[in-house]
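>>> From the sequence below, what's the structure:
(one chain, ligands or ions: 2)
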Amino acid sequence: MCGIIAVIHADPKSQSAAVEIHDALYLLQHRGQDAAGIVSCGNGGRFHQCKGNGMASRVFHDGARVSDLPGFMGLGHLRYPTAGSSANSEAQPFYVNSPYGICMTHNGNLINAPELREFLDQEAHRHNNTESDSELMLNIFANELNETGKARVNAADCFAALERMYKRCVGGWACTAMLAGYGLIGFRDPYGIRPMVLGSRPSDSGTGTDYMMASESVALTQCGYKTFQDILPGQAVIIEKGKDPVFKQVHPMLNYTPDIFEYVYFARPDTVIDGIDVDESRRNMGFKLAETIKLQLGPEALADIDVVMPIPETSITSAICVAEGLGKPYVQGFVKNRYIFRTFIMPSQKLRQKGVRAKLNPMRKKFEGKNVLLVDDSIVRGTTSREIVLMAREAGARKVYFSSCAPPITNAHIYGIDLASSSELIAHHRDSRAIANHIGADDVIFQNLPDLIEACASLSPRDPATQQFEVGVFCGKYVTPVHDGYFEHLEKIRGESRKIKVIESAREAVVHGVADQKQIRMAAKGVEVDQYGNVIPLENGSPEWGPLNGVSISQPSNGEEKTNGVERPDMEERMLSDDSGRVRVSQDISLHNMNDHF
Ligand SMILES: O=P(O)(O)OC[C@H]1O[C@H](OP(=O)(O)OP(=O)(O)O)[C@H](O)[C@@H]1O
Ligand SMILES: NC(=O)CC[C@H](N)C(=O)O
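Ligands and ions are numbered 1, 2, ... in the order given. This is a model prediction of the structure:
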């Protein structure tokens, strides 16, 4: 899952679009912790970029970098990878210089990426420099826009290019794009799987209107955008410099099926997606789960429960309602460390496991001698639940019941949430009893799917009786067609991306001089090197040396030994035999005006 933001101010002399995007990144940080980026554009049509791996505060040096990003419009992105790797070069926004200079951000996942890659290579002859599906989408769009053959495009040309692009791409997406000196574009997949909302407010001068697009309404409301509307499935919007937005259905709406996992876990509670209030949906989930708990446990076990406890943070709203529904005391037994962020979207299993203990601490008094009913939003790999049940028992709980506001997750997520490969999902081949055994709970109770759908659909401003959602993770029925072999492909690429993550931790250990022999060997195989064969230090994830235009930028050697014992020939070999065809250059250009380099 990623967070996207786009801003265009009415006043073309405004220099503060990036300041606002930067504020909004913090409001959407929960959607992606791996990488962050902003590209701004000033009146002369030049792009300015800062992006790299890490949370927004790190990438922008707590805001200090934002002053390098002038302009009246821009794009922002927070990444939680679903495709490719977590390499710096895949941080967004992506940029292509031809035609016209285009930047793009993408929340979602394309499920026909290999086909698109083949088309771009064999027919469009466009170079892709990363494994990212988002870079493919940008190039497909650029290729279609190029078909106009014009020196300057207009809205009709952009819509027509999108219409052609929609015929090629399959999957879930909410995207924003920016054409140098021209304006912004926003568009959403024909099923409305990924969210996007457009807001407006009077400009500071009062003579025009500023616009913002974002994944969640909370970014808009907190930045002072008063009115907002959802971009519809298959709809695109173009906001040209100094003009009002124009909308077009660039593909027929095939369904209106927002991803239900936004309501279960991803979105902030103070957000409204497609007219459905996230916090209210979680309240409904809690009340409905209480009914299932009553049925499943029966009066005897129910009478046995002393307290209902949330697993902070997402499940708090629902847990309050479970307690109310069961007529049991609601007790906060775990203290959440506010300096540890979301553990589920951490990149490796080891980090996730460590993250749970670092993030949650049980208060002994709340557990001693009690039978506790824990409430979580979902159980995915079971990392959190297993650790938490153990912590509850260590703190003195007698019996531990574990309940989930979402049904068992049995299938892979394919539209932009990296919900592990099927084989990693705790519910993939296990029933509730086996899951309870696995996580060490006395019993496990899951929400059922019709109740979850009803909890959200009943709040829909459309017809609640016919409101549908993307629920493939709970039943294996996905809203788009999925071609044969896709899941095998997914298992393979997720396996590869796991390997990359292991290599990245090895590399981190090498850089910090704490690597063991195995990690050194691993790092030497997978590590990136600069033009001199030096290991690129971790700090190179910082924007000074970040990737540009999909090109990995590495730091020129300052003569210091950085190899930390990694054998140089191995790295030289890798550098010379990079058969991926990727371009790696060594220049400090990430914060400069992009057009100066073309
Ligand atoms: O079964 P698992 O693989 O462990 O994943 C599920 C857990 O991950 C999430 O917590 P997270 O810390 O990401 O987020 P939160 O603080 O928003 O609840 C979620 O709330 C569950 O607790
Ligand atoms: N979570 C997302 O929306 C990811 C976007 C894109 N597929 C990437 O991996 O960068």
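>>> Can you report how many residues lie near the residue of the chain found nearest ligand 2?
Closest contact between the chain and ligand 2, by Cβ to the nearest ligand atom, is at C2 (3.4 Å). The C-beta positions use only the backbone N, C-alpha and C, and glycine is treated the same way. Neighbourhood size, C2 [other Cβ atoms under 10 Å]: 26.
>>> Make 50 the first number, not 1, from now on.
Let's use 50 as the start, then, which means that last one is C51.
>>> which secondary structure element contains M186?
Assigned by DSSP states H and E, M186 belongs to helix 182-195.
>>> what about that helix, average pLDDT?
Throughout helix 182-195, pLDDT has a mean value of 97.
>>> What is the burial count for R387?
So R387, with other Cβ under 10 Å, has 9 neighbours.
>>> before we move on, what SS does A461 have?
Secondary structure assignment for A461 (DSSP: H, G, I helix; E, B strand; the rest coil): coil.
>>> Name the spans of the stretch 350-499 of the chain whose pLDDT lies under the cut-off.
392-403, 468-469 (pLDDT under 70).
>>> tell me which strands and helices the next helix or strand along the chain from the helix holding M186 is in contact with?
Using DSSP H and E, the helix or strand that follows helix 182-195 in sequence is helix 204-217. If you count contacts as 3 or more Cβ pairs under 8 Å, 6 or more residues apart in numbering; DSSP states H and E, helix 204-217 packs onto helix 182-195, strand 232-237, strand 284-289.
>>> about what we covered before: name the nearest residue to the residue of the chain closest to ligand 2, sequence neighbours excluded.
N156 (4.2 Å; Cβ to Cβ, 6 or more residues apart in numbering).
>>> quick one, phi psi at G86?
Phi and psi for G86, reported as degrees, to the nearest 10, are phi -160, psi 150.
>>> Now that V321 has come up, it's in contact with V327, right?
Yes: proximity of V321 to V327 meets the contact threshold set by Cβ atoms under 8 Å, at 6.9 Å.
>>> Could you report the separation of V108 from C99?
V108 is 7 Å from C99, where distance means Cβ to Cβ, to the nearest Å.
>>> So which bits of this structure are right by ligand 2?
Taking Cβ under 6 Å from any ligand atom as the contact definition, the chain meets ligand 2 at 50-51, 128-133, 139, 155-158, 181-183, 465.
>>> Need the helices and strands packed on helix 204-217 in a markdown table (columns: mean neighbour count).
Below are those laid out as a markdown table (neighbours: other Cβ atoms under 10 Å):
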| stretch | mean neighbour count |
| --- | --- |
| helix 182-195 | 25 |
| strand 232-237 | 25 |
| strand 284-289 | 22 |
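>>> who wins for proximity to ligand 1 among the ones you listed?
When those are compared (using Cβ to the nearest ligand atom), the closest one is helix 182-195, at 22.7 Å.
>>> CA-only coordinates of the helix holding M186 in PDB, if you can.
Output in PDB follows, covering the C-alpha atoms of helix 182-195 (Å, rounded to 0.1, in the frame of the first residue of the first chain):
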ATOM      1  CA  ASP A 182       5.400  -1.900 -12.100                       C
ATOM      2  CA  SER A 183       4.800   1.800 -11.500                       C
ATOM      3  CA  GLU A 184       7.700   2.700 -13.800                       C
ATOM      4  CA  LEU A 185       6.100   0.400 -16.400                       C
ATOM      5  CA  MET A 186       2.800   2.300 -16.100                       C
ATOM      6  CA  LEU A 187       4.500   5.600 -16.500                       C
ATOM      7  CA  ASN A 188       6.200   4.400 -19.700                       C
ATOM      8  CA  ILE A 189       3.000   3.000 -21.100                       C
ATOM      9  CA  PHE A 190       1.300   6.400 -20.500                       C
ATOM     10  CA  ALA A 191       4.300   8.300 -22.000                       C
ATOM     11  CA  ASN A 192       4.300   6.000 -25.000                       C
ATOM     12  CA  GLU A 193       0.600   6.600 -25.600                       C
ATOM     13  CA  LEU A 194       1.000  10.400 -25.100                       C
ATOM     14  CA  ASN A 195       3.800  10.300 -27.600                       C
END
